[in-house]
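**Student:** Using only what follows, build the 3D model:
(one chain, ligands or ions: 2)
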Amino acid sequence: MEQIIEKCTGQVIEIYEQFDASHDFDHILRVMRNAKAIAETLPEANMAIVRLAALLHDVDDPKYKMVNHITALELLQSSGVDDETTFRVLETIKSVSFNGGNEEEIVSIEGAILRDADRLDAIGAIGIARAFAFGGARGRKLYDADEIARTTMSESEYRSKNTSSVTHFYEKLLLLKDLMVTEEGKRLAEERHKFMLDFLEQLKREVGLL
Ligand code: ADP
Ligand code: NI
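**Tutor:** Ligands and ions are numbered 1, 2, ... in the order given. Next up, the predicted model:
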């Protein structure tokens, strides 16, 4: 299994070379690290499944499909992963998607671990860095002064707009803490969530919007 994972890793590194810094191979390494930390509290998890799913979890994401023609299934099959493991890895990957909060049901402990591990990397200091890297790569504004200034705007109104990187905090990043599944994931999300709130408050203060 170790050799198979290594083979997959090589292919995945090549795929991730095509993406911007919000989504490079370091994201995969951080998700692995988060997954290991969570799995230490859940020793019944199958770590080979978690590691393979972490490696491949974004390969089939429609946002990245245009530049990447190989699917997670093809990658697993060409690396010599057996059918049962392939099925379990793909099932685990399905647990990850956010889908505006209408998420897939968690079907396994590995799915719960991977979902939380991926979400931890979207929040906190690293989440802030990634959001601005993503927005920058797509030419978005840092924040929209009108949007923030309209204090009467409800959170859902704010979320329905998508004009700046700061918008993304309201449409997704600030919601993730309450969507964590594992106890350890919830615990790790707390500090990161607070850091984002502090960041937004400081940002608004600095740009004269508080
Ligand atoms: P993940 O790999 O964590 O599932 P995505 O592929 O959805 O994340 O997005 C990659 C990174 O870009 C994440 O950190 C996410 O928060 C950020 N991102 C996604 N959409 C936006 C957006 N509209 N504005 C700013 N950042 C975004
Ligand atoms: Ni991811």
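
**Student:** tally of neighbours for Gly139?
**Tutor:** 6 (other C-beta atoms under 10 Å). For every residue, glycine as well, the C-beta is placed using N, CA and C.

**Student:** quick one: it is in a helix?
**Tutor:** No. Counting by DSSP: H, G, I helix; E, B strand; the rest coil, Gly139 is not found in a helix; it is coil.

**Student:** Confirm Gly80 sits in a strand?
**Tutor:** No. Gly80: not assigned to a strand; according to three-state DSSP it is coil.

**Student:** who's in contact with it?
**Tutor:** Neighbour list for Gly80: Ile4, Lys7 [criterion: C-beta atoms under 8 Å, 6 or more residues apart in numbering].

**Student:** ok, 10 Å please
**Tutor:** Gln3, Ile4, Lys7, Cys8 (C-beta atoms under 10 Å, 6 or more residues apart in numbering).

**Student:** Top of those residues by number of neighbours, please.
**Tutor:** Top of the contacts of Gly80 by neighbour count (other C-beta under 10 Å): Cys8, with 22 neighbours.

**Student:** Need phi/psi at it.
**Tutor:** Phi and psi for Cys8, reported as degrees, to the nearest 10, are phi -60, psi -40.

**Student:** Chain neighbours aside, what residue packs nearest to it?
**Tutor:** Spatially, and ignoring its direct neighbours in sequence, Cys8 is nearest to Ser79 (4.7 Å; C-beta to C-beta, 6 or more residues apart in numbering).

**Student:** same check, this time on Ile5
**Tutor:** Arg51 (5.8 Å).

**Student:** how much space is there between that neighbour and Val12?
**Tutor:** 11 Å (C-beta to C-beta, to the nearest Å).

**Student:** what about Asp60, how many residues close to it?
**Tutor:** Neighbour number of Asp60 under other C-beta under 10 Å is 18.

**Student:** State the distance from it to Val31.
**Tutor:** 15 Å.

**Student:** Check Leu90 too.
**Tutor:** Taken as C-beta to C-beta, the span from Leu90 to Val31 is 17 Å.

**Student:** And these two? Which one has more around it.
**Tutor:** Neighbours per residue (other C-beta under 10 Å) separate Leu90 from Val31, with Val31 holding more: 26 against 17.

**Student:** buried stuff in stretch 2-19?
**Tutor:** Ile4, Cys8, Thr9, Gln11, Val12, Ile15, Tyr16, Phe19 (16 or more other C-beta atoms under 10 Å).

**Student:** I figured the first one was touching Gln11, is that so?
**Tutor:** No. Under the contact definition of C-beta atoms under 10 Å, Ile4 does not touch Gln11, with a separation of 11.2 Å.

**Student:** Overlap in contacts, these two.
**Tutor:** Between them, Ile4 and Gln11 share the contacting residues Ser79, judged by C-beta under 10 Å, 6+ apart.

**Student:** Now the host helix or strand of Ala117: average pLDDT?
**Tutor:** Ala117 is located in helix 109-120, with elements delineated by DSSP states H and E. Average pLDDT, helix 109-120: 97.
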